[in-house]
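>>> need a 3D model of the sequence below.
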Amino acid sequence: MANMPESYISKADEELARLAAEGERAGFTEVVRRYSRPLLLFAWGRMGSYDQAEDIVQETFMRAYAAIASFDSGYSLKNWLFTIAYRQIVSAYRKKKPDSLSEQAVGKLSAPIKDDSEWLWEVVGLLGPETHSVLWLRYKEGMTTAEIAGVMKKTRVSVRVLLHRSRKRLERELVNRPEITDYSHLFRNNVKLAERVE
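Residues are numbered from 1 along each chain as shown. Below you'll find the predicted structure:
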């Protein structure tokens with residue numbers, strides 16, 4: 001990507017999408033450069049496998065490239081890409097037989113804690129795909145409830161309810177773990193799970 005012209009790097013997402021739709025491959029290359037890592041982290045956190053996450057991101061970009069001409073520049077390119085990735089994750093998750101929460105929790109929670117936020121997201125990953133997705137999009141990607149609703153194809157009200165329930169579910173999971181003596185700082189400092197949703 002070092003050869004990417006500066007003019008593409010400084011362009012807005014929607015302009016890059018327009019250029020890509022007009023056949024300028026460098027426009028889409030810049031989109032891939034910008035969003036590969038955020039999409040990979042999102043997919044990896046949900047799938048628990050780097051290889052599966054890479055496959056999801058690759059499929060996301062292939063689908064986005066194939067449909068770039070139909071992208072409506074009145075919407076956010078970021079949200080559009082995360083919507084495609086989310087659908088791929090849901091599809092992959094349906095094919096995958098997950099372990100039960102209790103089996104996974106025993107293995108994950110008995111490991112040494114290196115970094116609070118890394119460990120916290122591992123716990124979130126045990127709580128199911130919707131819980132992980134809604135919390136990740138809100139706290140890692142900084143999306144609003146309206147943006148999350150668009151990605152997950154839900155109403156804003158259902159996203160607010162899902163966020164509330166997901167935070168409560170995570171808090172219960174943390175409180176019920178004897179390995180954790182003080183979990184409150186995880187809520188305040190790392191993902192701000194106690195804050196009200198706008």
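
>>> just give me the neighbour total for the nearest residue to Thr131 once chain neighbours are set aside.
Among residues not flanking Thr131 along the chain, Ser166 sits closest, at 4.3 Å (Cβ to Cβ, 6 or more residues apart in numbering). Where C-beta positions appear, they are placed from N, C-alpha and C, glycine not excepted. Around Ser166 there are 21 other residues, counting by other Cβ atoms under 10 Å.

>>> where's Ser166 relative to Glu130, distance?
According to Cβ to Cβ, to the nearest Å, Ser166 stands 8 Å off from Glu130.

>>> wait, Tyr65 touches Ala17, no?
No - taking contacts as Cβ atoms under 8 Å, Tyr65 lies outside contact range of Ala17: 10.5 Å.

>>> flag the shaky bits of this protein, pLDDT-wise.
Residues of the chain meeting the criterion pLDDT under 70: 1-6, 93, 95-117, 119, 175-198.

>>> and the helices in it?
In the chain, the helices defined using DSSP state H lie at 6-9, 13-21, 25-47, 50-67, 77-95, 101-109, 116-126, 129-135, 145-152, 156-175, 184-185.

>>> and the residue lying closest to Thr145 once chain neighbours are set aside, how far from Glu171?
For Thr145, ignoring the flanking residues on the chain, the nearest one in space by Cβ to Cβ, 6+ apart is Val159 at 4.7 Å. Val159 is 18 Å from Glu171, where distance means Cβ to Cβ.

>>> between these two, which one's more packed in?
More neighbours surround Val159 than the other of Val159 and Glu171, with 24 against 16 (other Cβ under 10 Å).

>>> centroid-nearest residue for the protein?
Phe42 (3.4 Å; Cα atoms, centre = their mean).

>>> so that one sits against Ala85, correct?
Yes - using Cβ under 8 Å, Phe42 makes contact with Ala85 at a distance of 6.2 Å.

>>> picking up where we left off before, ok, Tyr65 and Ala17, which is more surrounded?
A side-by-side neighbour count of Tyr65 and Ala17, using other Cβ under 10 Å, places Ala17 first with 24 against 15.

>>> can you pull the contacts of Leu163?
Applying Cβ atoms under 8 Å, 6 or more residues apart in numbering, we find Leu163 in contact with 134-135, 138, 145, 148, 197.

>>> tell me how far it lies from Ala67.
For Leu163, the distance to Ala67 - Cβ to Cβ - is 29 Å.

>>> then Gly125?
For Gly125 relative to Ala67 (Cβ to Cβ), the value is 29 Å.

>>> again with Glu15
In terms of Cβ to Cβ, Glu15 sits 18 Å off from Ala67.

>>> quick one: which of those two has more around it?
Glu15 (15 against 12).

>>> quick one, what contacts that one?
Counted by Cβ under 8 Å, 6+ apart, Glu15 has contacts Gly27.

>>> now for Gly150, how many residues are close by?
When neighbours are counted by other Cβ under 10 Å, Gly150 comes out with 19.
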